[in-house]
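S.K.: Turn this into a structure:
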Amino acid sequence: MSPLDEEISAYYETGEEARRLDTLARVEEARTHELIQRSFPPPPATVLDVGGGTGAYAFWLAERGYEVHLIDPIPVHVEQALERSRQAPRPLASAAIGDARDLDRPDDGVDAVLMLGPLYHLTERAERVRALVEARRVLRRGGALLAAAISRFAPAIDGLRKEYLLDPDFEAILERDLRDGQHRNPARRPGWFTTAYFHLPTELGPELTDAGFSEVEVLAVEGIAELLSDLEAWLDDAAHREVLLRTLGRLEREPSLLGATGHLAGIGRA
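M.R.: All right, here's what the predicted structure looks like:
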């Protein structure tokens, strides 16, 4: 394991990402559910959740009747997913340690691939395309991919919202984030993420296309929900939540707003 891989693994082994279900992550989850339901074939279909962590989306899919196979590079994530699966009414079909760039799966074997983490941490374009090519290989003809990327402008939004930018060290990190998308947190400050690549909205689509996907779309996930100071109140009220999600859906393709989001979703067909 390289020092870079060790740093990323150490970040996830702390459990910090698993505890990330704050107010903004509730929007991310709700919008991701919408995009999955819109782009994936209906159950029963086979889904490969690549970089699925402890199963946040895998178990949601399994509960809806999908056959879900989870792959993640972090051993503790796989252990936790397996333990949860043993107790779940609708368990996962499998959970195993694996690398998005070299999937231990047969060709044309799944109906959909969910890839919500790997592109964050493959800091070179060639490696990201390699992972996407692997996703394309394991998909049946017409199968769907939903891949997430972190927006180049997410740390600026997050830095203002959480006041990280009042710290000169974070501002220095942000300067590089905006310059070339290469995010580094050498002091491993909590809340400042780990080694990653942050996409421009114009970059994700061509990566999917170069990997052989068609009907490619790039959509904003959380979008301008990031700007709401009373976001939690909007989410806690059913009528407000419905209006919020409907509005985010209407703006998800708007080019002038596409970067103003925490995450971008790349959707393509095999």
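S.K.: So which residue of this protein lies furthest out from the middle?
M.R.: Using C-alpha atoms, centre = their mean, the residue of the chain lying farthest from its centre is residue 168. It sits 28.2 Å away.
S.K.: Return the longest strand along the chain as PDB; C-alpha atoms alone will do.
M.R.: For the chain, the strand that runs over the most residues, judged by DSSP state E, is strand 139-151. This file holds the C-alpha atoms of strand 139-151, laid out as PDB (Å, rounded to 0.1, in the frame of the first residue of the first chain):
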ATOM      1  CA  LEU A 139     -22.300  -3.900 -17.000                       C
ATOM      2  CA  ARG A 140     -24.800  -5.600 -19.300                       C
ATOM      3  CA  ARG A 141     -25.700  -3.800 -22.500                       C
ATOM      4  CA  GLY A 142     -28.000  -0.900 -21.700                       C
ATOM      5  CA  GLY A 143     -27.000  -1.100 -18.000                       C
ATOM      6  CA  ALA A 144     -26.700   2.100 -16.000                       C
ATOM      7  CA  LEU A 145     -23.900   3.800 -14.200                       C
ATOM      8  CA  LEU A 146     -24.300   6.500 -11.500                       C
ATOM      9  CA  ALA A 147     -20.900   7.900 -10.400                       C
ATOM     10  CA  ALA A 148     -20.300  10.700  -8.000                       C
ATOM     11  CA  ALA A 149     -17.600  13.400  -8.000                       C
ATOM     12  CA  ILE A 150     -16.900  16.200  -5.600                       C
ATOM     13  CA  SER A 151     -17.300  19.600  -7.100                       C
END
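S.K.: what comes up buried for the very next helix or strand once past that strand?
M.R.: Counting by DSSP states H and E, the element after strand 139-151 in chain order, helix or strand, is helix 154-161. Residues of helix 154-161 classed as buried: 154, 155, 156, 157, 158, 159 (neighbour count, 16 or more other C-beta atoms under 10 Å). C-beta: built from backbone N, CA, C; applies to glycine.
S.K.: Next: stretch 94-107.
M.R.: By 16+ other C-beta under 10 Å, the buried positions in stretch 94-107 come out as 95, 98, 99, 100, 101, 103, 105.
S.K.: ok so residue 266 is a strand residue?
M.R.: Yes. Assignment of residue 266 by DSSP: H, G, I helix; E, B strand; the rest coil places it within a strand.
S.K.: which residues does it contact?
M.R.: By C-beta atoms under 8 Å, 6 or more residues apart in numbering, residue 266 lies in contact with 145, 146, 147, 148, 149, 204, 205, 207, 208, 216, 217, 218.
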